[in-house]
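pasting the sequence and the predicted coordinates here, then a few questions.
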Amino acid sequence: MQILNNLGNMIYDSRFVIAYGSVIIVTAILFTGCLLKKKIAGSIAAAAVLSLTAAGGILYCIPHTVIDADIEDVYRIEVSDVTVTDRKAIEEILNDLNGSLYKRMLPSGIGGYEEYSVRGFDRDGNLLFCLGISDGQTVDTGLFWEKRVNGEFHFLAEYTYHDVPK
């Protein structure tokens, strides 16, 4: 039974890869069919869809950072209900957020909940970034739920009132 459960989890985790692969295969078949029948417009349309789908799939899977703000630009960070203005603490939080690469999991509109929020502001009070954090590894960037490739957040236990193990 454990083997079936692991197989189900593996398929669930790779559902977007399976969907992208399916779209690419169907589009490649349509492209080949249009080429064989010498339908130029169909071939061009299928090639465009194939190229865009492949490029989107590659961009979706590449690990990346979630915050591109410079430490010098961030004047204040709010972690849930706590406001942090100490320069060293801000540097630690930003280094912790950018200390790992992230991979996209789901679009933000699909499921998930935020347990913590992290917002960064500049000197004038303008919002630089806003992230929702679900657990020690999962972040909502507003577009996607993204998971850390390695490690967990360390700043949550220090800057939240919630019971987070240190």
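Great, that's in hand.

switch to C-alpha atoms for all contacts and neighbour counts from now on
OK.

determine how far the last residue of stretch 125-145 lies from the first.
26 Å (C-alpha to C-alpha, to the nearest Å).

stretch 79-96 now?
Using C-alpha to C-alpha, one end of stretch 79-96 lies 13 Å from the other.

for that stretch, what is the distance to the chain centroid?
21 Å (C-alpha atoms, centre = their mean, to the nearest Å).

number the chain from 373, please
OK, 373 is where the count begins now, so the last one is stretch 451-468.

contact partners of that stretch?
443, 446-450, 488-491, 525-527, 531-533 (C-alpha atoms under 8 Å, 6 or more residues apart in numbering).

and which of these is nearest L469?
Nearest to L469 among those, counting by C-alpha to C-alpha, is F525 at 7.1 Å.

and the gap between that closest one and S452?
Going from F525 to S452 by C-alpha to C-alpha gives 14 Å.

how does this protein divide into domains?
If you go by automatic domain parsing, the domain ranges for the chain are 374-433, 448-531.

where does this protein have low pLDDT?
Where the chain drops to pLDDT under 70, the residues are 373-374, 376-388, 483-484, 528-538.

end to end on stretch 479-489, go ahead and measure it.
Using C-alpha to C-alpha, the end-to-end distance of stretch 479-489 comes to 18 Å.

just the buried positions in it, please.
Under the neighbour-count criterion of 16 or more other C-alpha atoms under 10 Å, stretch 479-489 has S480, Y488, S489 buried.
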